[in-house]
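A.B. asks: generate a structure from the sequence data that follows.
(chains A, B, C and D)
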2 protein chains.
Amino acid sequence: MGTEYTTDNMTPEIKAMHEVIYGIDGQRNQAREIQALQDTIYVIGGKWKLPIINSICNGNKRFREIERSIPGITTRMLSRELRDMELNKLITRTVSPGPPVLVEYESTSYCKTFGHIIFEMIKWGIDHREKLKREQ
Amino acid sequence: MGTEYTTDNMTPEIKAMHEVIYGIDGQRNQAREIQALQDTIYVIGGKWKLPIINSICNGNKRFREIERSIPGITTRMLSRELRDMELNKLITRTVSPGPPVLVEYESTSYCKTFGHIIFEMIKWGIDHREKLKREQ
DNA sequence: GTAACCAGTATCACAGAGTATACCAGCAAC
DNA sequence: GTTGCTGGTATACTCTGTGATACTGGTTAC
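C.D. replies: Numbers count the residues shown, from 1 in each chain, chains lettered A, B, ... in the order given. Here you go, the predicted structure:
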């Protein structure tokens, strides 16, 4: 059933992804979809990770810079998330002893792979607010 | 600074979104970005909402269907999230008294606006697993 | 009548994400 | 010396999202 297609012309990566979503036989592979979605939620879930990633990708490097750019975050949470993200190789932390001591956080290429997700989420949020405005 | 642009040709919606992201003067509006991102996280955050949305959008309508399609979820959490999502008009719940009683959940158009986010998250999750496989 | 399914509810438990608030050493600016 | 900033840490606490497990009434299939 379903439309005919050929994967002959695809690159190996695209072909693999296609086969995960649609399966070998072209049927939607719901089990793989849900697994992928849950994997992603596991990695970037929580209240603060994406805002911190977004802030650093926007060029904020310093602890207080990042803190100021995210309304509502506490130093406790920021510190904890930064450490966790460094361990998971989402960001790098570079210390220049100075004086004064200078610590800089930067995104890794792995971190940047969330760009599309963050972009879609920002778009949704903006559009949502526009819609709420129009409904008033 | 930055590249010149004109918004004259844009639809009102696109123009409004453009101005939120870039501001009137074309500069990135980080404050609006973070607000939009936090709004989105507020609405769809948590471990189960997106998997449930995805399951219902994939055509699962019945409580146990949805339950079976999401590994790890408990009836407690599913019931709770479905109620919450119905209250927030993400889904509709239709009861046919039967016998036997038949309850069907369906996504609303509002619910479907998360499609792009979910798609990007599934893509990321699939790509991430492919990369891990290649690194072994 | 027994088993299985449907669509949940009930009850108890708790881990950990998140919060509130104060504080620290070192440095710079005045 | 006082104030402000940096880059956090310390401590106690909250609370909520989540989990585990058993259970319910109604129905169907055999």
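
A.B. asks: isn't A:Leu50 right next to A:Gly115, touching?
C.D. replies: No. The criterion here is C-beta atoms under 8 Å, and A:Leu50 misses it with A:Gly115 at 10.9 Å. Quick note: C-beta positions are derived from backbone N, CA and C, even for glycine.

A.B. asks: the longest helix belonging to chain A vs helix B:115-134, what angle?
C.D. replies: The helix spanning the most residues in chain A, taking DSSP state H as the definition, is helix A:115-134. Angle, helix A:115-134 to helix B:115-134, by axes from the mean of the first three to the mean of the last three C-alpha atoms, to 10 degrees: 170 degrees.

A.B. asks: outside of helix A:115-134, which residues touch it?
C.D. replies: Contacts to helix A:115-134, defined as C-beta atoms under 8 Å, 6 or more residues apart in numbering or on different chains, come from residues A:40, A:44, A:50, A:53-54, A:57, B:13, B:16-17, B:20-21, B:32-33, B:35-41, B:43, B:113-114, B:116-117, B:120-121, B:123-124.

A.B. asks: so for A:Leu50 and A:Gly115, which sits in the more crowded spot?
C.D. replies: A direct count of neighbours by other C-beta atoms under 10 Å in any protein chain shown for A:Leu50 and A:Gly115 places A:Leu50 higher, at 22 against 15.

A.B. asks: so which helix or strand takes in the more buried one?
C.D. replies: Element membership for A:Leu50 (DSSP states H and E) is helix A:49-57.

A.B. asks: report the angle between the axes of that helix and helix A:115-134?
C.D. replies: 110 degrees.

A.B. asks: pLDDT of helix A:49-57, averaged?
C.D. replies: Averaging pLDDT along helix A:49-57 yields 95.

A.B. asks: past that helix, which element shows up next along the chain?
C.D. replies: According to DSSP H and E, the helix or strand after helix A:49-57 is helix A:63-69.

A.B. asks: for that next one, name the packing helices and strands.
C.D. replies: Of the remaining helices and strands, those touching helix A:63-69 by 3 or more C-beta pairs under 8 Å, 6 or more residues apart in numbering or on different chains; DSSP states H and E are helix A:49-57, helix A:75-87, strand A:102-107.

A.B. asks: need these in JSON lines (columns: distance to DNA strand D).
C.D. replies: Formatted as JSON lines, the helices and strands packed on helix A:63-69 follow (distance: least, C-beta to the nearest atom of the strand, whole Å):
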{"stretch": "helix A:49-57", "distance to DNA strand D": "12"}
{"stretch": "helix A:75-87", "distance to DNA strand D": "4"}
{"stretch": "strand A:102-107", "distance to DNA strand D": "4"}
